[in-house]
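Colleague: what follows is a predicted structure for the sequence shown.
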Amino acid sequence: RMVSKAFNTMLDNIQSATLELQNWSQQLEYKVQKKSEELGHVQNELINIERIASLGKLSLSVAHEINNPLSGILVYTKLVSKQLNNPDLDREKVGVMLKHLKLIESETKRCGDIVKGLLDFSRKDQEGFEQKHLHEILSDSVELMAHPMRIADIRFLSELTALNDLILCSPNQIKQACIAILVNASEAITENGEVILRTSNPDNNCIKIDFSDNGIGIPEADIPHVFQPFFSTKKKGNGIGLGLSIVHGIIQNHKGKIEVRSKRGEGTVFSIILPLVKT
């Protein structure tokens, strides 16, 4: 009888312990879920911060770019205004004014195109994928980065020689990835800088983009980590180390892959390979 009682007591204790473990397990699962949600929100915020930081760097350079046509617009507007007030207008002077007005029109359009490029880059992409010629996206990226490269005294070349470039993509995300790599390349250069963007078709199924620079290069030990979140080879305070991890995520989202080759003191090549639309 005592053995039976002890056995029942033991069964009750086991049942109680099992219930307690189940409660602990449920609580732990709930806490892990909540923490995962919190981390997701934080990561989204950090991604937005990195986007804003990239946009800030671009905006600074683009401000200089916009100043040039605006100065021309102001000068020629004043000139046309002064000539219109002249009572002795002749056909030749009208012709000169029309030429000035044409210049004002083209320079105003250039300002609009620059601002449009910035807005396209800064907006949060909410659209689905679409078929797009990659060379068009790369040309837009090159145009956005041309002035910053010039300011930094970097020779910037693009060789868009791939024969097939039709991909299924989010154009804004691909542009963001390209801009991030080009900004990184420009920051890695110390003197006599050169950045080259090339495209090629390794086979009939894909297109490859090579971003090469002759900058300081990446230490061999750091190469396996460059796409990890929060890893940065920049000096402290110059970045939060999310740029390349976001690029990696974008390329993965497009069923592509990204690779890096680098040698300290000789430069770096980032290669993006994307699948082509099968026609």
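Modeller: Nice, I can see it. Fair warning: this is a prediction, and the values are worked out from it, not measured in the lab. Numbering: from 1, shown residues only.
Colleague: CA only for contacts and neighbour counts going forward, please
Modeller: OK.
Colleague: with just CA atoms, put stretch 16-32 into CSV.
Modeller: The C-alpha coordinates for stretch 16-32 follow below in CSV (Å, rounded to 0.1, in the frame of the first residue of the first chain):
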residue,chain,number,x,y,z
SER,A,16,3.0,18.5,-12.3
ALA,A,17,6.5,18.9,-13.5
THR,A,18,5.4,18.1,-17.1
LEU,A,19,2.7,20.8,-16.9
GLU,A,20,5.2,23.2,-15.5
LEU,A,21,7.7,22.4,-18.3
GLN,A,22,4.9,22.9,-20.9
ASN,A,23,4.1,26.3,-19.3
TRP,A,24,7.8,27.3,-19.4
SER,A,25,8.1,26.1,-23.0
GLN,A,26,5.0,28.1,-24.1
GLN,A,27,6.3,31.2,-22.2
LEU,A,28,9.7,30.8,-23.8
GLU,A,29,8.2,30.4,-27.3
TYR,A,30,6.1,33.6,-26.7
LYS,A,31,9.2,35.5,-25.5
VAL,A,32,11.3,34.3,-28.5
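Colleague: test my guess that residue 168 contacts residue 130.
Modeller: Yes - Residue 168 is within contact range of residue 130, at 5.3 Å (criterion: C-alpha atoms under 8 Å).
Colleague: higher neighbour count, the two?
Modeller: More crowded of residue 168 and residue 130, by other C-alpha atoms under 10 Å: residue 168, with 19 against 11.
Colleague: contact partners for the more buried one?
Modeller: When contacts are counted by C-alpha atoms under 8 Å, 6 or more residues apart in numbering, residue 168 touches 129, 130, 131, 132, 254, 276, 277.
Colleague: in the stretch 51-200 of the chain, which spans are helices?
Modeller: Secondary structure of the stretch 51-200 of the chain (DSSP state H, counting those that start in this stretch): helices located at 91-122, 134-151, 171-187.
Colleague: any idea of the angle the second one forms with helix 171-187?
Modeller: Pointing back at helix 134-151 there. Interaxial angle, helix 134-151 versus helix 171-187 (axes from the mean of the first three to the mean of the last three C-alpha atoms, to 10 degrees): 30 degrees.
Colleague: quick check: mean pLDDT of helix 134-151?
Modeller: Taken as a whole, helix 134-151 carries a mean pLDDT of 89.
Colleague: of the helices of the stretch 51-200 of the chain, which is nearest residue 19?
Modeller: helix 171-187 (49.1 Å; C-alpha to C-alpha).
Colleague: adding distance to residue 195 and mean neighbour count, write the helices of the stretch 51-200 of the chain out as TSV.
Modeller: Shown next, in TSV, are the helices of the stretch 51-200 of the chain (distance: least, C-alpha to C-alpha, whole Å; neighbours: other C-alpha atoms under 10 Å):
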stretch	distance to residue 195	mean neighbour count
helix 91-122	21	15
helix 134-151	9	18
helix 171-187	7	21
